[in-house]
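[1] requesting a structural model of the entry that follows:
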Amino acid sequence: MLQKIDGGVTAPKGFSAAGIAAGIKKQKKDMAMIYSREKCRTAGTFTTNIVKAAPVKWDQSIVYGNKTAHAVIVNSGVANACTGTKGYDYCRRTAAKAAELFGIPENEVLVASTGVIGQQVPIDKIEAGIQTMKPLLSESEAASSLAAEAIMTTDTVKKQIAVTTEIGGRTVTLGGMCKGSGMIHPNMCTMLSFVMTDANISQELLQKALSASVADTYNMVSVDGDTSTNDTCLLLANGLAGNAEITEENEDYEAFCEALDFVNTHLAKCMAADGEGATALFEVKVTGAKSREQAVTLSKSVITSNLTKAAIFGHDANWGRILCAMGYSGASFDPDKVDLYFESAAGKIKIIEDGVATGYSEAEATKILSEKEITAVIDVKMGEEKATAWGCDLTYDYVKINADYRS
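    The predicted model follows:
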């Protein structure tokens, strides 16, 4: 049975973490480390942006080549993107330092960075930070929390989760953390996410499970329509739960996928809710679609509409903007058959029926749209497929944050 528990990346057996202020940013934690005492099978998904940061290239070589890892080193403040051969060499030096300290190969150290594009990382501070973190590594919940805090940039809250499930008569745990607040857009999303598990599962199925989960979770999030250079999601499995190895797409695999989806959905929603300047999480559910692809396209189009996002910020039930966003999505549907509801903790209201306003109460709609979490339910009445996307409102503070990002 799936159960949410306290903790993050250190919740699974054999994983430890640390988070420190290494001096990359001013008086803030800016480096994190995750370490498994046993070698892990490794899966990953990465940005679809043609401009890829050096750590993305480094990690792709490990995930697609070596396919195993022991450690993850993360820095915030500097993205190490658009930094040429020197930036890639700094990834190698980061891995080499950790490899030296832990007695492991360089190609078993994954590296991730987030922050300002175009600057070289202060490699001396990175190497010193790794030296500092090694003796601080701990399997405690507090250590997980410090690591989650250290990877934040414009995030206002740390984001982590842990769950347990039963696989093959053994308790299997998954723990994750992520960062993401701005430059968030579907297509592998703009964020860093790290999920650790003690499940025993083949590398092939580990990658298959992650790729499928990302499609329904991180790829269904948008804050501002900008896809980053550093998007990375890593999934490491060390097998210490002791379950029989999952090598087939059977009940054990389905149980693992369910737990992984739960973790990734939670983290995806955390990023959407913490969008830069956001005051509300905006969820869009498209139902009654003729295909999954149609439902995904329609929900993403609505969640990325700046006019719709601005209306959510103003608590304004301006439903015409939603139909408009659906209309230019590229997906075919009949606007004269669409039903639309808004719902939140304050209630649920039907806004349009068969493409026409229902004569709803503006006051009631405003009350529903004034909550911290708002859902638009759109029924296109064409079939049985559905999809859900997550975003946030668009506020004055988004411009302020990004106008002053480097200063």
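[2] going forward, measure contacts and count neighbours with C-alpha atoms only.
    OK.
[3] what pairs with the longest strand along the chain, parallel or antiparallel?
    Longest strand of the chain, by residue count under DSSP state E: strand 31-46. The pairing partners recorded for strand 31-46 under DSSP bridges are strand 15-20 (antiparallel), strand 68-78 (antiparallel), strand 232-237 (antiparallel).
[4] may I see the buried residues of that strand?
    Applying a neighbour-count criterion of 16 or more other CA atoms under 10 Å, one finds 31-36, 38-46 buried in strand 31-46.
[5] most widely separated two among those residues?
    Within the buried residues of strand 31-46, 38 and 46 form the most distant pair, 24.4 Å apart (CA to CA).
[6] wait, isn't residue 346 in contact with residue 373?
    No - Residue 346 lies out of contact with residue 373 (CA atoms under 8 Å); the separation is 9.9 Å.
[7] which stretches of the stretch 51-200 of the chain have low pLDDT?
    Flagging of the stretch 51-200 of the chain using pLDDT under 70 yields the residue ranges 181-190.
[8] quick one on the thing from earlier: and of the strands paired with strand 31-46, who's closest to residue 102?
    Of all the strands paired with strand 31-46, it is strand 68-78 that lies closest to residue 102, at 9.2 Å by CA to CA.
[9] just the CA trace of that closest one, in PDB.
    Extracted in PDB, the C-alpha atoms of strand 68-78 (Å, rounded to 0.1, in the frame of the first residue of the first chain):
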ATOM      1  CA  THR A  68      25.500   3.500 -12.800                       C
ATOM      2  CA  ALA A  69      26.300   6.100 -10.100                       C
ATOM      3  CA  HIS A  70      27.200   6.600  -6.500                       C
ATOM      4  CA  ALA A  71      26.800  10.300  -5.900                       C
ATOM      5  CA  VAL A  72      25.100  13.500  -7.100                       C
ATOM      6  CA  ILE A  73      26.800  17.000  -6.600                       C
ATOM      7  CA  VAL A  74      24.600  20.000  -7.100                       C
ATOM      8  CA  ASN A  75      25.300  23.700  -6.900                       C
ATOM      9  CA  SER A  76      22.900  26.700  -7.100                       C
ATOM     10  CA  GLY A  77      23.800  30.200  -8.100                       C
ATOM     11  CA  VAL A  78      25.700  29.500 -11.300                       C
END
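[10] next secondary structure after that strand?
    helix 84-102 (DSSP states H and E).
[11] which helices and strands sit right next to that following helix?
    helix 54-61, strand 109-116, helix 123-133 (3 or more CA pairs under 8 Å, 6 or more residues apart in numbering; DSSP states H and E).
[12] now the angle between strand 68-78 and it, please.
    With axes from the mean of the first three to the mean of the last three CA atoms, to 10 degrees applied, the angle from helix 84-102 to strand 68-78 works out at 130 degrees.
[13] average pLDDT across the helix or strand hosting residue 284?
    Using DSSP H and E, residue 284 maps to strand 281-289. For strand 281-289, the mean per-residue pLDDT is 97.
[14] list the contacts of that strand.
    Contact with strand 281-289 is made by 269, 272-274, 295-296, 298-299, 302-303, 312, 372-393, as judged by CA atoms under 8 Å, 6 or more residues apart in numbering.
[15] how about a cut-off of 7 Å?
    272-273, 295, 299, 303, 372-393 (CA atoms under 7 Å, 6 or more residues apart in numbering).
[16] now do stretch 350-363
    The set of residues external to stretch 350-363 that reach it, using CA under 7 Å, 6+ apart, is 335, 336, 337, 338, 339, 340, 341, 342.
[17] so who does the fifth one touch?
    I take that to be residue 339. By CA under 7 Å, 6+ apart, the contact list for residue 339 reads 352, 353, 354, 355, 378, 379, 380.
[18] apply 10 Å and report the result again.
    The contact partners of residue 339, by CA atoms under 10 Å, 6 or more residues apart in numbering, come to 287, 350-358, 377-381.
[19] what's the ChimeraX line that selects buried ones from those residues?
    A single ChimeraX command suffices to select whichever of the contacts of residue 339 are buried according to 16+ other CA under 10 Å:
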select :287,350,351,352,353,354,355,356,377,378,379,380,381
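[20] let me know the closest of the contacts of residue 339 to residue 123.
    Relative to residue 123, the closest of these is residue 377; by CA to CA it sits at 48.5 Å.
[21] give me the element the closest one is part of.
    Using DSSP H and E, residue 377 sits within strand 373-379.
[22] give me the mean pLDDT for that strand.
    Per-residue pLDDT over strand 373-379 has a mean of 98.
[23] that older thread, take the helices and strands packed on helix 84-102 and write them to a markdown table, including distance to residue 148 and mean neighbour count.
    Output for the helices and strands packed on helix 84-102, formatted as a markdown table (distance: least, CA to CA, whole Å; neighbours: other CA atoms under 10 Å):
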| stretch | distance to residue 148 | mean neighbour count |
| --- | --- | --- |
| helix 54-61 | 19 | 22 |
| strand 109-116 | 13 | 25 |
| helix 123-133 | 14 | 18 |
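[24] closest to residue 140 out of those?
    Here helix 123-133 is closest among the helices and strands packed on helix 84-102 (CA to CA), at 14.3 Å.
[25] ok, residues contacting that closest one?
    Contacting residues not belonging to helix 123-133 are listed as 17-24, 30-34, 73-75, 87, 89-91, 93-98, 100-101, 136 [CA under 10 Å, 6+ apart].
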